[in-house]
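# Provided below for reference: sequence and predicted model.
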Protein chains: 2
Amino acid sequence: MKTYLDCIPCLVRQALEASRLATSDEDKRRETMRKVLGELSKVPFERSPPQICYQVHQLIREATGNEDPYSEVKKEFNEAASEMYPKLRKILVDSEDKLLTAVKLAIAGNVIDVGPGNKFDLGETVKRVLSADFGVNDFDHLRRELKRNKEVVYLADNAGEVFFDRLLIEVLRDKRVIYVVKESPLLNDASMEDAKLAGIDEVAEVVAVKIDPETIYAPSEAELLRKAGIVISKGQGNYEALSDVDANIFFLLMIKCPVVAEDIGGKVGDIVVKHSRR
Amino acid sequence: MKTYLDCIPCLVRQALEASRLATSDEDKRRETMRKVLGELSKVPFERSPPQICYQVHQLIREATGNEDPYSEVKKEFNEAASEMYPKLRKILVDSEDKLLTAVKLAIAGNVIDVGPGNKFDLGETVKRVLSADFGVNDFDHLRRELKRNKEVVYLADNAGEVFFDRLLIEVLRDKRVIYVVKESPLLNDASMEDAKLAGIDEVAEVVAVKIDPETIYAPSEAELLRKAGIVISKGQGNYEALSDVDANIFFLLMIKCPVVAEDIGGKVGDIVVKHSRR
């Protein structure tokens, strides 16, 4: 997905949030925001929002000297999700259609985010999503493709959300699942540490990829996606980065902003299972 | 009021809105936004938000060649307020405390704006404001000062809102009222034309001041404010520009953003009569 003009104020807002998390020095925050605005005045808007986001947050890390501004936030998210995990597991075990329930729970976990619309109620979201219909519904297609494939590449999204991903991976236990996290910190994106905290390494192979500013996923990883039988991609960021990649990708996400809503053909708040070749 | 870091995303959002109103050429909008971001990366944040806003919107006018991007919006606002005027006048005539009612109506009119929180329901707002308590309440002080003074300098805010101002000026008919509008277009700010449309020139002297980017109000006008017995200032923008000027100013406004709420000591949605020397 290309970067729309509407993404610009949002990128600025997010940069301010990150600057505040990265340093308590108000002068440094101001200086960082100056640099961000200067950078944004020059970036090619043909790039996807995650590419620009990566550049901006790389700059914030350099300007503030804080390598992981979101570490505390991520810790809180992991704790909240971890606490909820036993309850979610019971919902899954008691459910009739385990794949449908696990997919919905994995999408509910996508509400855990620092992006557009910061505030969320995890319990309420789980309740809402379980009884909601998909805004974009390629679920039956996903079910068929999962039957046909023995190997699944699963692109992680955020810390906290990893616990919800684990439930879906457990339902796919007859498959080889390759769970892809990011090697270096980017916002509240899931890392190897987060994946291990949720015990994903017990149910899948966890791979940490280097973030390439040109492609977000390094070219070799993009190749991995194209070669994969089936890819499950979590969250808006991965959709923004990969919606134009020609691979067998199912995007599982909750729509959080009007720009993605427009691009994907749904509305804000919708839960989505969208196939890349739809 | 100085410019807070929180003002930056808002200035960017507003610039995008103005760019879209100014031109339908998407490339020109993108180029304009680049220039705005570059400009914002360099402005001194010690300036007040209206000063920076003026610079940004001057740049948008130059970059798009559109001298008055908000002219259509202003027309709509004037029409909506004009239609409502007879009803508002009846409310005022039927009221017991005419000054209180007129002040509240003038503040209700301040909801007509393109700034933060674009959407408003004029009828609902009038109803709400008439029965609301002031969040910051220097109304009794205003009443006393109005009794002591024969001359009032009244700083206009937006198109549309001018019709609401007329009601308050009519209640002050035993005084000489100098109604101050802006000489050149800035967002949806009231112009001489708007004031005449609302018939303000029949009940007050209307003065159009040149906008000085350094002071927003030209130094000579700031002098006028300092020398005035009493100043009624409408809206957030005038508060942001003049909150540090040492004059007998009463700020009448509706709080529309968290930054002003914090600065003024109220909350978003509050109606405010605040004395400058409080």
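Happy to help now that I have it.
# quick one: the strand or helix carrying A:Lys28 near chain B?
Element membership of A:Lys28, judged by DSSP states H and E, is helix A:26-40. Yes - Helix A:26-40 lies within reach of chain B by C-beta under 8 Å from any C-beta of the partner chain, at A:26, A:29-30, A:33-38, A:40. To be clear about C-beta, it is placed using only N, CA and C from the backbone, and glycine gets the same treatment.
# in CSV: the residues you listed, plus pLDDT, distance to A:Met192 and neighbour count.
CSV is the format used below for those (pLDDT from 0 to 100; distance: C-beta to C-beta, whole Å; neighbours: other C-beta atoms under 10 Å in any protein chain shown):
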residue, pLDDT, distance to A:Met192, neighbour count
A:Glu26, 96, 34, 11
A:Arg29, 97, 30, 20
A:Arg30, 96, 34, 14
A:Met33, 98, 31, 23
A:Arg34, 97, 34, 17
A:Lys35, 98, 29, 17
A:Val36, 98, 28, 27
A:Leu37, 98, 33, 23
A:Gly38, 98, 33, 15
A:Leu40, 97, 30, 25
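# I'd say A:Ser41 and B:Glu31 touch.
No - using C-beta atoms under 8 Å as the test, A:Ser41 is too far from B:Glu31 to be in contact (10.5 Å).
# have a look at the two and say which one is more surrounded.
Neighbour comparison, A:Ser41 and B:Glu31: the larger count goes to A:Ser41, with 18 against 15 (by other C-beta atoms under 10 Å in any protein chain shown).
# ok, now which ones touch the residue of the stretch 151-278 of chain A found nearest chain B?
Nearest residue of the stretch 151-278 of chain A to chain B: A:Val259, at 12.1 Å (C-beta to the nearest C-beta). A:Val259 makes contacts with A:4, A:6-7, A:10, as judged by C-beta atoms under 8 Å, 6 or more residues apart in numbering or on different chains.
# can you tell me which helix or strand it belongs to?
Using DSSP H and E, the element containing A:Val259 is helix A:258-264.
# the contacts of A:Val259 in helices, which ones?
A:7, A:10 (DSSP state H).
# any of the contacts of A:Val259 buried? List them.
Listed as buried from the contacts of A:Val259 are A:4, A:7, A:10; burial here means 16 or more other C-beta atoms under 10 Å in any protein chain shown.
# nearest to chain B, of those residues?
Taking C-beta to the nearest C-beta as the measure, A:Cys10 is the one of the buried ones among the contacts of A:Val259 closest to chain B, at 8.0 Å.
# just to revisit the earlier point, next, the buried residues of the helix holding A:Val259.
Across helix A:258-264, burial judged by 16+ other C-beta under 10 Å covers A:259-261, A:263-264.
# interface residues of chain A facing chain B?
So chain A meets chain B at A:5-6, A:8-9, A:12-13, A:16, A:19-20, A:26, A:29-30, A:33-38, A:40-42, A:45 (C-beta under 8 Å from any C-beta).
# hmm, who's touching the worst-scoring helix or strand of chain A on mean pLDDT?
Every helix and strand in chain A was compared by mean pLDDT, DSSP states H and E; the lowest is strand A:216-217, with a mean of 74. Residues from elsewhere that reach strand A:216-217, judged by C-beta under 8 Å, 6+ apart: A:48, A:50-51, A:54, A:209, A:211, A:225, A:241-242.
# what does the helix or strand following it rub up against?
Using DSSP H and E, the helix or strand that follows strand A:216-217 in sequence is helix A:219-227. Identification of contacts with helix A:219-227 by C-beta under 8 Å, 6+ apart yields A:153, A:180, A:209, A:212, A:215, A:217, A:231, A:242, A:245-247, A:249.
# quick check: phi and psi on A:Arg47?
Backbone torsions of A:Arg47, given as degrees, to the nearest 10, read phi -70, psi 160.
# spatially nearest residue to it (excluding sequence neighbours)?
With C-beta to C-beta, 6 or more residues apart in numbering or on different chains as the measure, A:Thr3 is the residue that lies nearest to A:Arg47, at 6.1 Å, once sequence neighbours are left out.
# the one you found contacts A:Pro50, doesn't it?
No - counting by C-beta under 8 Å, A:Thr3 does not reach A:Pro50; the two are 9.4 Å apart.
# settle it for me: which of the two has more neighbours?
Taking other C-beta under 10 Å, A:Thr3 and A:Pro50 do not tie; A:Pro50 has more neighbours (25 against 22).
# report the contact partners of the more buried one.
A:Pro50 is in contact with A:216, A:237-238, A:240-241, counting by C-beta under 8 Å, 6+ apart.
# ok so, going back, which of the contacts of helix A:219-227 sits closest to B:Tyr70?
Taking C-beta to C-beta as the measure, A:Leu242 is the one of these closest to B:Tyr70, at 39.3 Å.
# contacting residues for the closest one?
By C-beta under 8 Å, 6+ apart, the contact set of A:Leu242 is A:155, A:217, A:225, A:233, A:249, A:251, A:276.
# of those, which one scores lowest on pLDDT?
When those are sorted by pLDDT, the bottom entry is A:Tyr217 at 73.
# picking that back up, redo the buried ones among the contacts of A:Val259 as a markdown table? Include pLDDT and distance to A:Leu186.
A markdown table is the format used below for those (pLDDT from 0 to 100; distance: C-beta to C-beta, whole Å):
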| residue | pLDDT | distance to A:Leu186 |
| --- | --- | --- |
| A:Tyr4 | 94 | 21 |
| A:Cys7 | 95 | 16 |
| A:Cys10 | 94 | 16 |
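# what's the domain layout of chain A?
Domain assignment for chain A by automatic domain parsing gives A:7-64, A:76-275.
# between the ones you listed, which one is nearest to B:Gly65?
Across those, the minimum distance to B:Gly65, taken as C-beta to C-beta, is reached by domain A:7-64, at 20.3 Å.
# sorry, back to before: make CSV from the contacts of A:Val259 and add distance to B:Phe139 to it.
Shown next, in CSV, are these (distance: C-beta to C-beta, whole Å):
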residue, distance to B:Phe139
A:Tyr4, 45
A:Asp6, 41
A:Cys7, 44
A:Cys10, 39
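# show me what contacts the residue nearest the centre of chain A?
By C-alpha atoms, centre = their mean, chain A has its centre lying nearest to A:Asp157, at 2.6 Å. For A:Asp157, the residues meeting the contact criterion (C-beta under 8 Å, 6+ apart) are A:110, A:113, A:189-190, A:234-235, A:237-238.
# go again with 10 Å.
A:Asp157 makes contact with A:106, A:109-110, A:112-113, A:164-165, A:181-182, A:188-190, A:233-239, A:252-253, according to C-beta atoms under 10 Å, 6 or more residues apart in numbering or on different chains.
# and it, what's its pLDDT?
Here the pLDDT value assigned to A:Asp157 is 96.
# equivalent analysis for A:Leu242, please.
91.
# same deal with A:Pro219?
With respect to pLDDT, A:Pro219 scores 68.
# before we move on, what about the one 4 residues further on?
In the predicted model, A:Glu223 carries a pLDDT score of 79.
# pull the contacting residues for the nearest residue to A:Arg29 once chain neighbours are set aside.
Using C-beta to C-beta, 6+ apart and skipping the chain neighbours, the partner closest in space to A:Arg29 is A:Ser19 (4.5 Å). The contact partners of A:Ser19, taken as C-beta under 10 Å, 6+ apart, are A:25-26, A:28-33, A:35-36, A:57, A:60, A:63-64, A:66, A:69, B:5.
# which of the helices or strands spans A:Ser19?
helix A:7-22.
# angle of that helix against helix A:26-40?
On the basis of axes from the mean of the first three to the mean of the last three C-alpha atoms, to 10 degrees, helix A:7-22 is oriented at 150 degrees to helix A:26-40.
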